[in-house]
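In: build me a structure from this.
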Amino acid sequence: MPAITHRTAVSVADVLTATRPLLGRGWTVFPAGTGRTGSLRTPLGHIVTLDGIHGRSVYATALLPNGGRAPYAGMAKAATVEACAAELAEMIRGTLAPLHNGLCPTQRATAAVTTALGQRVRGTAWHQGVAHAHWMLPSGGRARAEIRPPAYAARHARASVEVTLTDPSTEEAAAVLRAIDTDNADIRQTDAVHGDVAQLLKAAAPGLRPVTYYDRSTPTDRLTTTLTVDDVVTVELAYRNAGLSEAWVARMAVHGAMTNVLAAIRAVPAA
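Out: Next comes the predicted model:
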């Protein structure tokens, strides 16, 4: 692929700068140190490198979510910065960005999450290809879904999604646990669970196993502080006052299978 040379009157840096406003909000220029090449990127994970300009020919490559590369060439109407920028913008809007979107598991997973949330979602933010959706729980607690892209080496892999509930009510946490699949063969799920709230959550999801404890005085007077099913859910309990008699769910994280994540989202009604 031809690279820009000193004989070309139009510089890659100038074309990138001129292209950005043509693409609208969200696009950012990432110039290289030499100024001879660079890229245009978005928080959604789009990366398009401007590989070179040779006369009216514009050469660009999209770095795709599955680890592939999509080289593309276009012909500007004139060998000027403005014409090359217009051609590059059209290449990105018409071909390279839609190609990325069609292959992006993070966008598909985010669409599934926001659909499950419906009007509850307070907003969705993207940063370097990672999406975050936020909403409030009826009890006043907070909830967040984080959708991360797979590693570039893991071609055709799924995005990873984690739903985190902060300070949910015990009833909300139990509803989520009943909605998700916590069946497993871990024999540690038969270990004793201590404390009223911990036992209530265990009853909602018998597959939970205790992980950490707080010993108030003797091992027979202990309290369970963390419950989990590996690669499915983790529940962290907190205790209030000197006697540690009042417990609540401080944090709950659901991850793994998309069916579990969506079931967790749907389990708690709108605030």
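
In: and residue 127, how many neighbours?
Out: 10 (other C-beta atoms under 10 Å). For glycine as for every other residue, the C-beta is placed from the backbone atoms N, C-alpha and C.

In: what's the distance between the closest residue to it other than its chain neighbours and residue 62?
Out: Once flanking residues are discounted, residue 127 sits nearest to residue 43: 5.2 Å by C-beta to C-beta, 6 or more residues apart in numbering. Separation of residue 43 from residue 62 (C-beta to C-beta, to the nearest Å): 16 Å.

In: who's more crowded, these two?
Out: Set residue 43 next to residue 62 and count neighbours by other C-beta under 10 Å: residue 62 wins out with 25 against 15.

In: my read: that one touches residue 101, true?
Out: No. At 10.6 Å, residue 62 and residue 101 do not qualify as touching, with contact defined as C-beta atoms under 8 Å.

In: tally of neighbours for the residue nearest to residue 167 when sequence neighbours are not counted?
Out: Distance criterion C-beta to C-beta, 6+ apart; nearest residue to residue 167, sequence neighbours excluded, is residue 141 at 4.0 Å. Neighbour count for residue 141, taken as other C-beta under 10 Å: 21.

In: again, but for residue 26
Out: Here the number of neighbours of residue 26 (other C-beta under 10 Å) works out to 12.

In: beta partners for residue 126?
Out: Counting by DSSP bridges, residue 126 is bridged to residue 131.

In: would you confirm that it contacts residue 44?
Out: Yes. Counting by C-beta under 8 Å, residue 44 is a contact partner of residue 126 at 5.0 Å.

In: find the nearest non-adjacent residue to residue 260, please.
Out: Using C-beta to C-beta, 6+ apart and skipping the chain neighbours, the partner closest in space to residue 260 is residue 180 (4.3 Å).

In: can you pull the phi/psi pair for the one you found?
Out: phi -90, psi 160 (degrees, to the nearest 10).
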